[in-house]
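J.: Please work out how this folds:
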Amino acid sequence: MIFMKEALSAIVNTEQCLKLKIDKFNQLSVMSSGKVQVEKMLEDLKKCGIYLEYVENDFIFCESVREKYKEIFEGNLSICIYPNTNNIDEDNESNFFEFFKCKYGESSKNELILNVNSRNKNSKNNDVYLKNKSKFVNQQKLILDNNLSNIQKHENNRRGNMNIEDQIESISLHKVYKDEFNNIFKIKSKKWYDLIISILEIFTLSGPIINENIRDTTFEVTFDEYNLTTDQVYYFIKDKINHVYHKSSPQISPFFYHVKISTKDEYLGKIYTLLQKNKCFLKGEEYEQNTGFYILYSLVPHFNYDLLVENIRIHTKGTSYMSSTEYGFFHLLDFSEYIDKLRKLKGLQTDEKIIDNPEKQRTLKK
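T.: So this is what the prediction gives:
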């Protein structure tokens, strides 16, 4: 790691157009002003014997849900899926930096992100549910109501014949598990707990809409059927989770940058128009009396960032100042028009109709 930092520092010092930094995810990010510099730097790093990954952040999306939906199936299987409460708290910026953790570098034009991978190579071969046993973040304790408290008192005083252990066992434990994508799994099951966690882990790794991670969603599953095999339970619960997920109004959300724009009064209207065209979310506006500049705080989708920066520079004649930081995935805007485009890029099935021999098609004339 030290050798890699020295090699990158040497490259950056020889090229004035390059910048090197370590972001908040402990990833080394190298920003360049053009693809020629990127290609040259890749060759130099390969000659140094450094293994690296080159990532172009063209379309970074995730999946989530907009609405709450609950359904009860045969075998007393109950599934409820709804968005986390933190998804709609856009005013509290600290929540987003805490919950919207991702693996992407900071914004810059033609950036090169060097991912230093320290993962355990053998972890991919482990079974999913074995890795989940050490990830419990909160196992809720039983809350005894007044009746059960009275039973406890009678047990302590050795009055009556009721067994408090039987009373506790009759209550289903509600275990809560939170994964790396800020999904919350609330499971009520004695026999199938590990299996249900495995199903949810696999399901959220690749959502059914665009095959991307499902984020910031709560899954509540209650199931205790003992007359089924493991395979039967697996396919049964997996199918029902997929059904409820589609009923919860699934959506896609891109990765956003938090952009601060300082501009003069005469260009304010043009910037508002550009923000609207580029699917941005305006968080606030301030006016600095000392400088006479308006300060706009906006969330910008990552795939529109470069275009927005260039258009603002052109329309404001280079008089606006901009600074940006990583924000995370934001779920309050509609990006459903990008679903078919993303599915095409991934080779997934779309609803688009393909016409055979389009040159033979005719238009009707009135």
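
J.: which regions of the chain sit below the pLDDT cut-off?
T.: 1-5, 7-37, 52-58, 86-173, 352-366 (pLDDT under 70).

J.: the domain parsing of it - what is it?
T.: For the chain, automatic domain parsing gives the domain ranges 1-52+88-118, 62-87+132-252, 255-336.

J.: Okay, strands next: where are they in the chain?
T.: Using DSSP state E, the strands of the chain run over 19-22, 28-31, 61-65, 69-73, 77-83, 111-114, 138-139, 175-178, 184-188, 217-222, 250-263, 281-288, 293-301, 321-329.

J.: winner for burial among these?
T.: Neighbour counts (mean count of other C-beta atoms under 10 Å) averaged over each of the strands of the chain peak at strand 61-65, with a mean of 25. The way it works is simple: take the backbone N, C-alpha and C, and place the C-beta from them, glycine included.

J.: Give the other helices and strands that it contacts.
T.: strand 77-83, strand 250-263 (3 or more C-beta pairs under 8 Å, 6 or more residues apart in numbering; DSSP states H and E).

J.: Only alpha carbons, please: show the longest one as CSV.
T.: In CSV, the C-alpha atoms belonging to strand 250-263 read as follows (Å, rounded to 0.1, in the frame of the first residue of the first chain):
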residue,chain,number,x,y,z
PRO,A,250,-40.4,-0.4,-6.8
GLN,A,251,-38.3,2.4,-8.3
ILE,A,252,-34.7,3.1,-9.3
SER,A,253,-32.5,5.9,-7.9
PRO,A,254,-29.2,7.2,-9.1
PHE,A,255,-26.1,8.2,-7.2
PHE,A,256,-26.2,12.0,-6.4
TYR,A,257,-23.6,14.7,-5.8
HIS,A,258,-24.3,17.6,-3.5
VAL,A,259,-23.4,20.7,-5.4
LYS,A,260,-23.0,24.3,-4.1
ILE,A,261,-23.4,26.9,-6.8
SER,A,262,-22.5,30.6,-6.4
THR,A,263,-23.9,32.9,-9.1
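
J.: Can you name every helix or strand that it contacts?
T.: Judged by 3+ C-beta pairs under 8 Å, 6+ apart, the packing partners of strand 250-263 are strand 61-65, strand 281-288, strand 293-301, helix 305-315, strand 321-329.

J.: 10 Å - rerun?
T.: If you count contacts as 3 or more C-beta pairs under 10 Å, 6 or more residues apart in numbering; DSSP states H and E, strand 250-263 packs onto strand 61-65, helix 93-99, helix 268-277, strand 281-288, strand 293-301, helix 305-315, strand 321-329, helix 339-345.

J.: In its sheet, which strands sit next to that strand, and in what direction?
T.: Sheet pairing here is set by DSSP bridges, and for strand 250-263 it gives strand 61-65 (antiparallel), strand 293-301 (antiparallel), strand 321-329 (antiparallel).

J.: In TSV, list these along with distance to residue 71.
T.: Shown next, in TSV, are the strands paired with strand 250-263 (distance: least, C-beta to C-beta, whole Å):
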stretch	distance to residue 71
strand 61-65	14
strand 293-301	33
strand 321-329	27
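
J.: I'd like to know which of the ones you listed is closest to residue 219.
T.: Closest approach to residue 219 among these (C-beta to C-beta): strand 61-65, 9.9 Å.

J.: who's in contact with residue 234?
T.: Residues in contact with residue 234 (C-beta atoms under 10 Å, 6 or more residues apart in numbering) are 192, 195, 196, 198, 199, 202, 228.

J.: Most neighbours among those residues, which one?
T.: residue 196 (26 neighbours; other C-beta atoms under 10 Å).

J.: any idea how far that residue is from residue 285?
T.: Between residue 196 and residue 285 the computed distance is 47 Å (C-beta to C-beta, to the nearest Å).

J.: got it, and residue 235?
T.: Separation of residue 235 from residue 285 (C-beta to C-beta): 53 Å.

J.: next one: residue 303
T.: Counting by C-beta to C-beta, the separation of residue 303 from residue 285 is 24 Å.

J.: what do you get for residue 222?
T.: Residue 222 is 47 Å from residue 285, by C-beta to C-beta.

J.: What of residue 205?
T.: Residue 205 sits at a distance of 39 Å from residue 285 (criterion: C-beta to C-beta).

J.: now do residue 229
T.: Counting by C-beta to C-beta, the gap from residue 229 to residue 285 is 60 Å.

J.: Give me the buried positions along stretch 342-354.
T.: 342, 343 (16 or more other C-beta atoms under 10 Å).

J.: So what touches it?
T.: 58-59, 61, 208-212, 252, 335, 339-341.

J.: ok, 8 Å please
T.: 59, 61, 210, 211, 252, 340 (C-beta atoms under 8 Å, 6 or more residues apart in numbering).

J.: so how many other residues sit close to the first one?
T.: So the one you mean is residue 59. Per other C-beta under 10 Å, the neighbour tally for residue 59 reads 18.

J.: Against residue 345, how distant is it?
T.: Counting by C-beta to C-beta - residue 59 and residue 345 are separated by 7 Å.

J.: what about stretch 310-330, how long is it end to end?
T.: Distance across stretch 310-330, first residue to last, is 23 Å (C-alpha to C-alpha, to the nearest Å).

J.: same question, stretch 282-301
T.: One end of stretch 282-301 sits 12 Å from the other (C-alpha to C-alpha).

J.: Any idea how far apart the tips of stretch 174-186 sit?
T.: This stretch, stretch 174-186, spans 7 Å end to end (C-alpha to C-alpha).

J.: Likewise for stretch 213-222?
T.: End-to-end distance of stretch 213-222 (C-alpha to C-alpha): 23 Å.
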